[in-house]
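[1] Just a sequence and a predicted model for now, questions to come.
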Amino acid sequence: MRRIEGQARGVQRMLQEGRSCYEVVMQLAAMRAALAKVAMALIADNLEQCLEQGQDPRTSMDQARDLLMKFS
């Protein structure tokens, strides 16, 4: 998350400096990829915890699927 925060500050600085659209969008793409990794890790950890706690596997999988669909 700190990396993403730093990237966001970098994008803000790039915009203030008038950097090219290409450079800014490339940095935004890197931020999006980093956010996707964080989201996937959170979803996987949540699914694992649900299953370890003995929750219904079908319900846990449905919840994970819903989260994946909301994020994509």
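    Sure thing, it's come through. All values derive from a computational prediction rather than experimental measurement.

[2] Now do the contacts for the residue nearest the centre of the chain.
    Nearest to the mean C-alpha position of the chain, by CA atoms, centre = their mean, lies residue 35 at 2.4 Å. Residues in contact with residue 35, defined by CB atoms under 8 Å, 6 or more residues apart in numbering, are residue 4. For the C-beta atoms, the positions are set from N, CA and C on the backbone; glycine is no exception.

[3] separation between it and residue 9?
    Distance, residue 35 to residue 9, using CB to CB, to the nearest Å: 15 Å.

[4] circling back: what strand or helix carries the residue nearest to the centre of the chain?
    Using DSSP states H and E, residue 35 falls within helix 21-52.

[5] Extract the CA atoms of the helix or strand just after that helix and return them as CSV.
    Tracing the chain past helix 21-52, the next element assigned as helix or strand by DSSP H and E is helix 57-71. Backbone C-alpha positions of helix 57-71 (Å, rounded to 0.1, in the frame of the first residue of the first chain) are rendered in CSV as follows:
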residue,chain,number,x,y,z
PRO,A,57,-17.4,-23.8,1.3
ARG,A,58,-20.0,-22.9,-1.3
THR,A,59,-20.9,-19.7,0.5
SER,A,60,-17.3,-18.8,0.9
MET,A,61,-16.6,-19.4,-2.8
ASP,A,62,-19.6,-17.4,-3.8
GLN,A,63,-18.5,-14.5,-1.7
ALA,A,64,-15.0,-14.7,-3.2
ARG,A,65,-16.4,-14.8,-6.7
ASP,A,66,-18.6,-11.8,-6.0
LEU,A,67,-15.6,-9.8,-4.7
LEU,A,68,-13.6,-10.7,-7.8
MET,A,69,-16.4,-9.6,-10.0
LYS,A,70,-16.7,-6.3,-8.2
PHE,A,71,-13.0,-5.6,-8.5
